[in-house]
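Undergrad: Predicted model follows, preceded by the sequence.
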Amino acid sequence: MSPVNFVYLAAVLFAIGAATVLLRRNAIMAFMGVELMLNAANLTLVAFSRMVGGIEGQIMAFFVMVVAAAEVVVGLAIIIAVSRARQSISLDEPSELKG
Amino acid sequence: MTYNVPEIAWAPLVPIIVVLVAGAVGVLLEAFMRNVALRRVVQLQLSVATLVLALFAIVWQWVAIGGDGVVVLRSMIYLDRQALAWQFLLVVFAIGGVLLFADRNREGEDAFTPLASVAPGSPDETVARAKGLAVTEAFPLAMLATGGMMLFASVNDLLFLFVALELFSLPLYILVALSRRRRLLSQEASLKYFLLGAFSSAIFLFGAALVYGAAETTGMRELLGLYVPERQTLLLLGLFMVVVGLLFKIGAVPFHFWVPDAYQGAPSPVTAFMAAATKAAAVAALARLSYLVLFRFAWELDWVIWTVAIASVIFGTVLAIVQTDVKRMLAYSSVAHAGFILVGFAGFSPLALSALPFYLLTYGVATLGAFAVITQVRELTPDGAAGAEATRLGQWAGLGKRHPVLAGLMSLFLLSFAGIPLTAGFVGKFVVFRAAVEQGAWPLVVVAVLASAAAAFFYLRLVVLMYFTDAPDDASPRVEVRPTGIGRGVAIAAGVIVLVLGVLPAGALNLADEAGVLLSPPVVTGG
């Protein structure tokens, strides 16, 4: 199978992830959308790396994984702090900031 | 099999390494020092000493590398005077920010919650407050953010840029959530900032991946030499997404949604640091990307800059006029300033490379000063202690009569934001607009000048409120200025810099001229 198909798959995953972030009102779901976008980028990097014939793209994917892991730590910490304070993680409900 | 040890020019990296190591040491101190009061003092001294050391290291490198600059880590990092100028700005903002972090009022309370992990208003929080706990992690977090921003202003590789972006963003997400008062607001701001920030960095990363597919490299300098013209569409799409990611960090319309929430919800010292430094770092990265890569595609990408710049100045100004909260008003004013900054990018004039650091210096210093003033205007609790910050516009009425110095400083910063002559903001706007006019982008400049005239309205409204309106006698809660040593010191220092840059800008402008050259060595391929 041609590696370019993986790029198309990655584009679809990226679109699904972006739609999840923009449409879902649950903070965890939105966060999972972000992770899906990052993984789509990883898949793109690896697929292009295969097409180009170098290994830079695969090495970059490792960097992205580490950064994404760090992001999960910070993101979940914030979401947990919010859920403790409000007993809810809906993105619509916390709405004291307006205007 | 042989292993070639890479040659690394360590000396130009000294400023960045010093700051990042201090961040790591700060984290270790958090783990091993039990005594809160001692830990706070040690963290503060460590941070300030390191930042001052970094300032000296930057000056040393400025002299040492001469006009050209140095390529470090096989073209991963370009250290030229442009990068050093941005690093200098970032460290100056960080010093101001860290000092404000340490600021405490008469009751010995700083701006941060005593214990971030407990729910606001819970009995645990009361216990933590009674025990005098403090989130001294704010200092190492600020150091890590500063180090990340300094990298962000210097790297040449799109993927490294992503790592640096996350390195400075993640600590900021946490800092935003740490407010002592109005913690629900603070946590909500942090959640929104985090989700939108992560979303934008994912867009940035996907763009970088597409660029890699089109050009087989993520090095900005190497891109143009290597890309295959047949894949230009892919490259342009990738670059567009990268630019969108950067515009998010700059806070330009239509990527500005996090700005007002994060500015209002964050503790004011964090807002001061974040507002000044994030914008500078993002503009630095956009400038490097523009002048190494985007200028070649000026015809295809100029409309993005034009649209976003016009939208930012207009929406930022109009929305700032209708705000009733001081911090939120300054947030929308920062959106308008993002527009003014982008005006400088129109046509990619070489002048902009020296105009932008100067503009960001004037904007950042005035922002630090303004938020330093905001930290001192407090609502009073019934027993007369300082409570939350009084940020409603009406609460600032009559401040000029009771505290002429503080109100005078605030007026000075507001006039500088508005770009009134004899303040730094005027000179900053002038040099940026001149760069745009030189490239024939005068329609953009006309819009920007009209918008800044309209923006003067809401800045002056606050000045009028402070000086010519009497405070209502029966205001509840009562509003009082509670001057703090560090806060007042930072505000006065910022005021002096704003005046000096406004009246005698020649020296700083000459330095900015020297910084206006990007290192662009011949591309080395293969190997």
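TA: That came through fine.

Undergrad: And the strands in the stretch 1-150 of chain B?
TA: Secondary structure of the stretch 1-150 of chain B (DSSP state E, counting those that start in this stretch): strands at B:70-72, B:77-79.

Undergrad: Which of those strands has the lowest mean pLDDT?
TA: In terms of average pLDDT, strand B:70-72 trails the rest of the strands of the stretch 1-150 of chain B, at a mean of 86.

Undergrad: I'd like to know which elements that strand is packed against.
TA: On a contact count with 3 or more CB pairs under 8 Å, 6 or more residues apart in numbering or on different chains; DSSP states H and E, strand B:70-72 meets strand B:77-79. From N, CA and C alone the C-beta is placed, and that goes for glycine too.

Undergrad: Say whether chain A is contacted by the strand it packs on.
TA: No. Using CB under 8 Å from any CB of the partner chain, we find that strand B:77-79 stays clear of chain A, coming within 15.2 Å at best.

Undergrad: Distance from that strand to the middle of the chain?
TA: Relative to the chain's own centre, strand B:77-79 is displaced by 21 Å; criterion: CA atoms, centre = their mean, to the nearest Å.

Undergrad: Tell me the helices and strands packed up against that strand.
TA: Counting by 3+ CB pairs under 8 Å, 6+ apart, strand B:77-79 packs on strand B:70-72.

Undergrad: please redo it, this time with the cut-off set to 10 Å
TA: For strand B:77-79, the elements it packs on are helix B:14-32, strand B:70-72, judged by 3 or more CB pairs under 10 Å, 6 or more residues apart in numbering or on different chains; DSSP states H and E.

Undergrad: So B:L29 versus B:L46, what's the distance?
TA: Using CB to CB, to the nearest Å, B:L29 is found at 7 Å from B:L46.

Undergrad: Please apply the same query to B:T391.
TA: Going from B:T391 to B:L46 by CB to CB gives 32 Å.

Undergrad: now the end-to-end length of stretch B:211-228.
TA: Start and end residues of stretch B:211-228 are separated by 11 Å (CA to CA, to the nearest Å).

Undergrad: For that stretch, list every residue counted as buried.
TA: Residues of stretch B:211-228 classed as buried: B:211-224, B:227 (neighbour count, 16 or more other CB atoms under 10 Å in any protein chain shown).

Undergrad: Of all pairs in those, which one is the farthest apart?
TA: Using CB to CB, the buried residues of stretch B:211-228 span at most 18.4 Å, a distance reached by B:G213 and B:R221.

Undergrad: I'd like the mean pLDDT over stretch B:353-360, please.
TA: Stretch B:353-360 comes out at a mean pLDDT of 94.

Undergrad: Quick one: distance of that stretch to the chain centre.
TA: That offset, for stretch B:353-360, works out to 14 Å (CA atoms, centre = their mean).

Undergrad: how close does B:F206 sit to chain A?
TA: Note on B:F206: its distance to chain A, by CB to the nearest CB, to the nearest Å, is 4 Å.

Undergrad: for B:Q439, same thing?
TA: 34 Å.

Undergrad: Now do the phi/psi pair for that residue.
TA: B:Q439 adopts backbone torsions of phi -90, psi 10, taken as degrees, to the nearest 10.

Undergrad: quick one: pLDDT of the residue nearest to it when sequence neighbours are not counted?
TA: Excluding its sequence neighbours, the residue lying closest to B:Q439 (CB to CB, 6 or more residues apart in numbering or on different chains) is B:G347, at 2.6 Å. Reading off the confidence values, B:G347 has pLDDT 81.

Undergrad: which residues does B:G347 contact?
TA: Residues in contact with B:G347 (CB atoms under 10 Å, 6 or more residues apart in numbering or on different chains) are B:295, B:298, B:302, B:305-306, B:435-441, B:444.

Undergrad: give me the low-pLDDT residue ranges for the chain?
TA: Since no chain was named, I'll use chain A. A:93-99 (pLDDT under 70).

Undergrad: right idea, wrong chain: chain B
TA: B:1, B:523-527.

Undergrad: Quick one: the strands in it, in order.
TA: Using DSSP state E, the strands of chain B run over B:70-72, B:77-79, B:377-380, B:386-389, B:479-481.

Undergrad: Most tightly packed of those?
TA: strand B:77-79 (a mean of 24; mean count of other CB atoms under 10 Å in any protein chain shown).

Undergrad: Residues touching that one, excluding its own?
TA: B:8-9, B:11-13, B:15-16, B:61, B:65, B:69-72, B:83, B:87, B:151, B:154-157, B:160, B:164, B:219-221, B:288, B:292, B:518-521.

Undergrad: Helices - which of those land there?
TA: In this view, the contacts of strand B:77-79 that belong to helices under DSSP state H are B:15-16, B:61, B:65, B:83, B:87, B:151, B:160, B:164, B:220-221, B:288, B:292.

Undergrad: Among those residues, name the ones that also lie close to chain A.
TA: By CB under 10 Å from any CB of the partner chain, the members of these lying near chain A are B:F160.

Undergrad: Need the overlap of contacts for B:L29 and B:L46.
TA: Contacts common to B:L29 and B:L46, judged by CB under 10 Å, 6+ apart, are B:F139, B:P140.

Undergrad: quick one: contacts for the residue most central in space within chain B?
TA: Centroid-nearest residue in chain B: B:A277, 2.3 Å away (criterion: CA atoms, centre = their mean). Going by CB under 10 Å, 6+ apart, B:A277 touches B:89-94, B:96-97, B:142, B:145-146, B:149-150, B:168, B:172, B:360, B:364, B:367-368.

Undergrad: Now the longest helix along chain A: buried residues?
TA: Counting residues, the longest helix found in chain A (DSSP H) is helix A:56-86. Neighbour-count burial for helix A:56-86, counted by 16+ other CB under 10 Å, picks out A:56-57, A:60-61, A:63-64, A:67-68, A:71, A:74-75, A:77-79, A:81-83, A:85-86.

Undergrad: tell me what that helix is packed against?
TA: helix A:27-52, helix B:158-176, helix B:183-215.

Undergrad: Between those helices, which one is closest to B:V253.
TA: Of these, nearest to B:V253 by CB to CB is helix B:183-215, at 13.8 Å.

Undergrad: Spatially, and excluding backbone neighbours, which residue is closest to residue 85.
TA: Unless you meant another one, I'm taking chain A. A:A85 sits nearest to B:A119 (CB to CB, 6+ apart), 4.6 Å away.

Undergrad: nope, chain B please
TA: Counting by CB to CB, 6+ apart, B:A85 lies nearest to B:A515, which is 3.6 Å off, once chain neighbours are set aside.

Undergrad: was I right about that neighbour contacting B:Q82?
TA: Yes. Assessed by CB atoms under 10 Å, B:A515 is found in contact with B:Q82 at 5.3 Å.

Undergrad: more crowded one of those two?
TA: Comparing B:A515 with B:Q82 by other CB atoms under 10 Å in any protein chain shown, the one with more neighbours is B:Q82, at 27 against 23.

Undergrad: List the contacts of that one.
TA: B:69, B:153-154, B:284, B:287-288, B:291, B:353-354, B:356-357, B:512, B:514-519.

Undergrad: next one: B:W442
TA: B:A346, B:F433, B:A436, B:V449.

Undergrad: which one of those residues is nearest chain A?
TA: Using CB to the nearest CB, B:V449 is the member of the contacts of B:W442 that lies nearest chain A, at 26.4 Å.

Undergrad: which residue sits closest to the closest one, ignoring its sequence neighbours?
TA: By the measure of CB to CB, 6+ apart, the closest residue to B:V449 outside its immediate chain neighbours is B:F433, 7.1 Å from it.

Undergrad: Now for A:I28, how many residues are close by?
TA: Neighbours of A:I28 under the rule other CB under 10 Å: 13.

Undergrad: Identify the residues contacting it.
TA: Going by CB under 10 Å, 6+ apart, A:I28 touches A:G75, A:L76, A:I79, A:S83, A:I89.
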